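Colleague: Starting from these lines, generate the structure:
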Amino acid sequence: MNPPRRRIFIAGGLLLGLIVVVVAWRWLHPPAAAPGRYAAGTIVARGRIEPLHRVVAISGPADSAVIDKLLVDQGDKVAAGQVLAVLESFDMRQAELASAEATLRLAELQRVQVQAGAGKQAEIAAQQNAIVAKEAQLLRLQNEWKRRDALYRDTVISIQEFDAIQADLDQAKSEVQQARNILKSLTEVRAVDDQVAAAQVEVARANVSRARAAMERLQIRAPQAGTVLSIEARAGEAIPTDGILRLGDTSNLIAVAEVDEADATRVKVGMKAEITGEVMGPAIAGRVSRVAYEVFRQRRPASDILVGRDARIVEVEVTPDQPLPISVGGEIVVQLFPGPGEKN
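Modeller: This is a model prediction of the structure:
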């Protein structure tokens with residue numbers, strides 16, 4: 001046999017031998033079972049680090065889509081009820097509240113006059129002051145209507161905003177006319193006058209409550225204490241679908257294991273667990289504190305081809321014995337150890 005043929009046969013023999021070795025190795029060392037079950041009965045699941053009360057996406061009212069001021073930044077710790085952001089039109093709503101409060105004070109003073117039995121001239125003077133106040137309010141609304149009419153013609157504002165100022169203007173005209181009618185009908189102090197004054201006070205109070213509620217809607221407050229994890233939009237930007245920011249309590253982190261539904265019935269509260277992952281240092285022990293009642297479809301891509309996207313999983317919360325690293329959303333591996341009586 002000539003040397004070239006001999007080299008070919010030798011190379012082929014070596015390749016065949018390598019294939020045999022690989023096949024034998026695979027047969028003697030089969031791949032590990034898919035995440036979710038180990039031979040010894042240990043349940044293994046992918047998971048993530050989450051705050052105890054999960055991450056909250058902070059948004060705003062649908063009809064106020066632009067941020068005027070953002071008062072916090074990423075990493076800031078906030079208290080429950082703290083103002084996080086102020087939306088556009090807040091200053092205008094604040095002025096409307098001040099106007100409503102002034103009207104309420106005037107209505108209360110008018111009732112005091114009625115209850116004190118003021119004479120005809122005093123009542124007439126008070127009503128004249130009321131008319132002046134309402135006419136001033138009407139003049140302000142007329143100027144605002146002209147401004148918004150020009151904006152509406154230039155398609156800067158929506159028809160809803162234009163209709164709102166039109167409704168306020170019509171109401172102000174009606175109130176001025178009503179005040180003039182009262183002034184015209186004033187002849188003497190009657191018993192029913194106190195009822196009218198009381199009703200005017202109640203209407204003024206309702207207007208104050210409405211103005212305060214409208215102003216409060218434009219202040220975005222923290223529903224709970226926590227840390228600002230991320231900022232989704234800043235001042236001058238429209239509020240995206242994901243909200244203004246994401247908030248979570250990083251002082252109390254847990255592990256959320258995504259257990260395959262086939263193993264969910266084996267998981268019990270109090271079961272021992274071990275948490276590992278690239279975002280962590282040494283493994284941390286813990287115990288199962290909660291097992292969810294709902295089965296979800298896994299949305300994250302899986303690293304194991306046998307447990308792919310859309311696998312059905314149950315979320316299991318594990319309370320660690322030691323603090324977890326502040327890496328909300330960081331991927332981890334959770335091993336759950338059933339008791340001696342649990343079946344594999």
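Colleague: can you pull the contacts of the nearest residue in space to D76 that is not next to it in sequence?
Modeller: Of all residues not flanking D76 in the chain, V228 sits nearest, at 4.8 Å (Cβ to Cβ, 6 or more residues apart in numbering). Where C-beta positions appear, they are placed from N, C-alpha and C, glycine not excepted. For V228, the contact set (Cβ atoms under 8 Å, 6 or more residues apart in numbering) comprises V72, D73, Q74, G75, D76, K77, V78, L84, L245, R246, L247.
Colleague: Can you go through the residues you listed and name the buried ones?
Modeller: V72, V78, L84, L245, R246, L247 (16 or more other Cβ atoms under 10 Å).
Colleague: could I get those as a markdown table with distance to R48, secondary structure and pLDDT?
Modeller: A markdown table is the format used below for those (distance: Cβ to Cβ, whole Å; DSSP: H, G, I helix; E, B strand; the rest coil; pLDDT from 0 to 100):
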| residue | distance to R48 | secondary structure | pLDDT |
| --- | --- | --- | --- |
| V72 | 24 | coil | 95 |
| V78 | 23 | strand | 95 |
| L84 | 25 | strand | 96 |
| L245 | 20 | strand | 95 |
| R246 | 14 | strand | 93 |
| L247 | 17 | strand | 94 |
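Colleague: where does the stretch 151-300 of the chain dip in pLDDT?
Modeller: Counting by pLDDT under 70, the stretch 151-300 of the chain has low-confidence residues at 186-191, 299-300.
Colleague: Quick check, A57 in contact with G248.
Modeller: No: the pair A57 / G248 is not scored as a contact, 10.2 Å apart, by Cβ atoms under 8 Å.
Colleague: higher neighbour count, the two?
Modeller: G248 (23 against 14; other Cβ atoms under 10 Å).
Colleague: What sits closest to the more buried one if chain neighbours are left out?
Modeller: Closest to G248 by Cβ to Cβ, 6+ apart is P51, at 3.8 Å.
Colleague: show me what contacts that neighbour?
Modeller: G226, G248, D249, T250, N252, L253, I254, V328.
Colleague: Just name the closest of these to V316, please.
Modeller: Distances from these to V316 were compared by Cβ to Cβ; the smallest belongs to I254, at 10.2 Å.
Colleague: Could you report the neighbour count for that closest one?
Modeller: 22.
Colleague: rewinding a little: may I see the contacts of V228 organised as TSV, with distance to T103 added?
Modeller: Shown next, in TSV, are these (distance: Cβ to Cβ, whole Å):
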residue	distance to T103
V72	35
D73	39
Q74	43
G75	44
D76	39
K77	40
V78	35
L84	31
L245	37
R246	41
L247	38
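Colleague: now, which of the residues you listed sits nearest A213?
Modeller: Looking across these and measuring by Cβ to Cβ, the closest to A213 is L84, at 18.6 Å.
Colleague: thought the closest one was touching G226?
Modeller: No: L84 lies out of contact with G226 (Cβ under 8 Å); the separation is 10.8 Å.
Colleague: Next, show the common contact partners of those two.
Modeller: V78.
Colleague: Would you list the phi and psi of the residue nearest the centre of the chain?
Modeller: Residue closest to the average C-alpha location in the chain (Cα atoms, centre = their mean): I58, at 2.7 Å. Main-chain dihedrals, I58, degrees, to the nearest 10: phi -90, psi 120.
Colleague: pretty sure G329 is in a helix, no?
Modeller: No: secondary structure of G329 (DSSP: H, G, I helix; E, B strand; the rest coil): coil, not part of a helix.
Colleague: any idea how far the closest residue in space to it that isn't next to it in sequence lies from V333?
Modeller: Nearest residue to G329, sequence neighbours excluded (Cβ to Cβ, 6+ apart): R48, at 5.6 Å. Distance of R48 to V333, given as Cβ to Cβ, to the nearest Å: 11 Å.
Colleague: can you tell me which residues contact the residue nearest to L324 when sequence neighbours are not counted?
Modeller: Distances taken as Cβ to Cβ, 6+ apart place L253 nearest to L324, at 4.3 Å, with adjacent residues excluded. By Cβ under 8 Å, 6+ apart, L253 lies in contact with I49, E50, P51, L52, P320, P323, L324, I326, V328.
Colleague: Show the buried residues in those.
Modeller: I49, E50, P51, P320, L324, V328.
Colleague: What sits closest to the first one if chain neighbours are left out?
Modeller: Among residues not flanking I49 along the chain, G330 sits closest, at 4.8 Å (Cβ to Cβ, 6+ apart).
Colleague: where does Q195 land in three-state SS?
Modeller: Assignment for Q195 (three-state DSSP): helix.
Colleague: residues near it, how many?
Modeller: Neighbours of Q195 using other Cβ under 10 Å come to 12.
Colleague: From A311, how far off is it?
Modeller: Going from Q195 to A311 by Cβ to Cβ gives 70 Å.
Colleague: just to revisit the earlier point, now name the helix or strand holding the residue nearest to D76.
Modeller: Per DSSP states H and E: V228 is located in strand 226-231.
Colleague: Neighbouring strands - and their directions - for that strand?
Modeller: For strand 226-231, the pairing partners within the sheet under DSSP bridges are strand 77-78 (antiparallel), strand 245-248 (antiparallel).
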